[in-house]
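Asker: Pasting a predicted model and its sequence here:
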Amino acid sequence: MGVKKLRPITASMRFAVVPDFKEITKTQPERSLLKFLKKSGGRNNAGRVTSRRRGGGHRRNYRFVDFKRDRFDEPAKVLAIEYDPNRSARLALVEYQDKQRRYILWPKDLAVGETVLSAGDYQAEIKPGNSMKLKYIPLGTLVHNIELEKSKGGVFVRSAGSWAQVMAKEGGRTQLKLPSGEIRLVDVECRATVGQLGNFEHSSLSLGKAGRRRWRGWRSKVRGVAMNPVDHPHGGGEGKAGQGNPHPVTPWGKPTKGGKTRKPKKKSNIFIIKRREKKRRKKG
């Protein structure tokens, strides 16, 4: 669970910062939990591009991850820690007493050989990897893989190094401080997993070259001001011209680059106590 900076033997290695994969204990995935992931190239069922700048990339298999943790009161032993090409977090392969194996998100400080438990309607031991209802998790505890609706499975705080903190409980709701800084109310009957997710140095990585980005299925991006007027509202002009619009827009004229996309009268607004913090630009 660290990073390494490569020696600049070639130009493409000069700025590369890659993971060292020291936490990985098993290189081959569990075949019973795999499914081939068919690529769409950013196209919908009609063949039209709906997500631009996607295509190519290495072949991948999807790993079925247990976000629900619905085998209650059955301890599971951690067999291995594995890499998942479809997410930034690592996976832990666990095995139940009946030999059934499942993948769960790997929290920090969970080692091979330890056991994890998904508690039913009681408080289990507060240790990384244990899952239980929010009403049994003490204040100040770091959690991840949090449900938004009861028994629907964890839907947020699932990326590498992320965590949410239990702030308060009142009136059947739990106040959670999310990684974005937002403080949100969640039903106390919803489940969460204790601990901070591992691979927390993922944000320090640097791809180092354009080719490594292409391996991940991302194609190159062309600026709107470099296009012709027929292709983009920012295009055209003599020489190096600015965008021309009062505000940046998409190729279809919609406001972008900071334009708010959340509906102002969305029903879930009543559950947000504090909005997420705006990212401050570094001076220099």
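Answerer: Looks like it came in fine.
Asker: mind listing the helices for the protein?
Answerer: 210-215 (DSSP state H).
Asker: gap between the residue nearest to Val65 when sequence neighbours are not counted and Met1?
Answerer: Leaving aside its chain neighbours, Val65 sits nearest to Tyr103 (4.8 Å; criterion: Cβ to Cβ, 6 or more residues apart in numbering). The C-beta positions use only the backbone N, C-alpha and C, and glycine is treated the same way. Distance, Tyr103 to Met1, using Cβ to Cβ, to the nearest Å: 18 Å.
Asker: still on that earlier bit, which residues sit in contact with the residue nearest to Val65?
Answerer: 30, 33, 63-66, 82, 84, 91-94 (Cβ atoms under 8 Å, 6 or more residues apart in numbering).
Asker: What does the pLDDT read for it?
Answerer: At Tyr103, the model reports a pLDDT of 98.
Asker: so how many other residues sit close to Arg59?
Answerer: When neighbours are counted by other Cβ atoms under 10 Å, Arg59 registers 9.
Asker: Same check on the one 10 residues further on?
Answerer: Neighbouring residues of Arg69 were enumerated by other Cβ under 10 Å; the total is 25.
Asker: who's in contact with it?
Answerer: Here Arg69 is in contact with 104, 118, 131, 145, 154, 191, 193 (criterion: Cβ under 8 Å, 6+ apart).
Asker: Then Met13?
Answerer: Met13 neighbours (Cβ under 8 Å, 6+ apart): 6-7, 208-209.
Asker: what's the distance between it and Gly208?
Answerer: Distance from Met13 to Gly208, by Cβ to Cβ: 6 Å.
Asker: Arg223 now?
Answerer: Following Cβ to Cβ, the distance that separates Arg223 from Gly208 is 22 Å.
Asker: ok, which stretches of the stretch 151-284 of the chain are strands?
Answerer: In the stretch 151-284 of the chain, the segments counted as strands under DSSP state E, counting those that start in this stretch are 154-156, 164-170, 173-177, 183-187, 191-194, 272-274.
Asker: Any chance you could list what contacts the last one?
Answerer: The one in question is strand 272-274. With Cβ under 8 Å, 6+ apart, strand 272-274 has contacts from 175, 181-185.
Asker: In the sheet, which strands lie alongside it, parallel or antiparallel?
Answerer: strand 183-187 (antiparallel) (DSSP bridges).
Asker: for the longest one, same thing?
Answerer: When pairing is defined by DSSP bridges, strand 164-170 lines up against strand 142-144 (antiparallel), strand 173-177 (antiparallel).
Asker: Point out where the protein drops to low pLDDT.
Answerer: Counting by pLDDT under 70, the low-confidence segments of the chain come to 278-284.
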